Each structure stands twice: as structure tokens, then as C-alpha cells.
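> This is the structure alone, sequence omitted:
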């Protein structure tokens with residue numbers, strides 16, 4: 001994240017980091033909080049680009065996006081056909097009448 005923030009010219013020291021070890025320290029949940037002013041179009045564009053580039057970089061390094069929606073859904077499911085098919089099968093099993101978000105997997 002530091003490398004991507006520097007590349008995007010976003011002050012890394014402003015980014016909040018939440019790290020929670022899970023599974024007895026075998027894995028971890030990691031979040032980054034990137035503050036910005038929604039009224040500032042330039043800052044919005046900067047953060048949008050940082051979010052995209054850092055997500056791509058982390059996914060390439062092996063990060064797991066457990067809630068892949070929005071731009072993450074395109075990144076994750078577009079590269080992992082098995083994960084996409086599994087999500088589709090689960091939705092078909094839990095929603096056989098296709099009444100919850102018809103035609104969508106929830107992302």
C-alpha cells in the first residue's frame with residue numbers, strides 16, 4: 001500500500017491501517033482506511049485511482065478479497081472462473097426461484 005500511495009502521490013501517513021490476526025495467527029484480516037474529501041473532485045479521482053491500483057497490486061501478490069463486489073468483483077471473478085462458478089452455484093442453491101437480485105450474484 002505504501003508503494004501504491006507514493007506512486008499515486010497520496011500521503012501514506014494519512015492512511016489508517018486495521019490488522020486483525022485470525023485463525024490463531026495463521027492468517028490476518030487487513031483493511032486500509034483512505035480519508036478524502038468527497039467535495040473535492042481531484043481528491044476523489046486520486047483516491048479512486050489509488051484504490052484501483054492498490055487492489056490490483058495486492059490481488060496480484062495473493063490477497064484474498066472475501067467480499068468481492070463493485071470493482072473487486074470484476075477483478076476477482078474475471079480472473080477466477082472456478083470462484084465465479086462456485087458463487088453462481090451457491091446462489092442457485094440458496095435462491096432456486098431467482099427472486100433475490102435476479103440475474104445477479106449479488107455484486
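Good, I have the coordinates. No experiment lies behind these values; they were computed from the predicted model shown.
> all helices for the protein, in order.
With helices called from DSSP state H, the chain shows them at 2-8, 41-60, 71-79, 81-94.
> Show me what the helix or strand bottoming out on mean pLDDT in the chain is packed against.
Across the helices and strands of the chain, mean pLDDT, DSSP states H and E gives its lowest value to helix 71-79, namely a mean of 80. Where contact means 3 or more C-beta pairs under 8 Å, 6 or more residues apart in numbering; DSSP states H and E, helix 71-79 is packed against helix 41-60, helix 81-94. Just so you know, the C-beta spots here come from the backbone N, C-alpha and C atoms, and that holds for glycine as well.
> Give me the residue at the spatial middle of this structure.
The centroid of the chain falls nearest to residue 72 when counting by C-alpha atoms, centre = their mean (4.6 Å).
> one step back: any idea which of the helices of the chain has the lowest pLDDT on average?
Lowest mean pLDDT within the helices of the chain: helix 71-79, at a mean of 80.
> that older thread, which parts of the least confident helix or strand of the chain are buried?
72, 73, 75, 76, 77 (16 or more other C-beta atoms under 10 Å).
> For the last one, give its distance to residue 55.
Just to be clear, that refers to residue 77. 14 Å (C-beta to C-beta, to the nearest Å).
> Residue 102 and residue 90: what is the separation?
From residue 102 to residue 90 the distance is 16 Å (C-beta to C-beta).
> Compare those two and say which is more crowded by neighbours.
Remark: of residue 102 and residue 90, residue 90 carries more neighbours, 12 against 8, as counted by other C-beta atoms under 10 Å.
> correct me, but residue 34 touches residue 52?
No: taking contacts as C-beta atoms under 8 Å, residue 34 lies outside contact range of residue 52: 11.7 Å.
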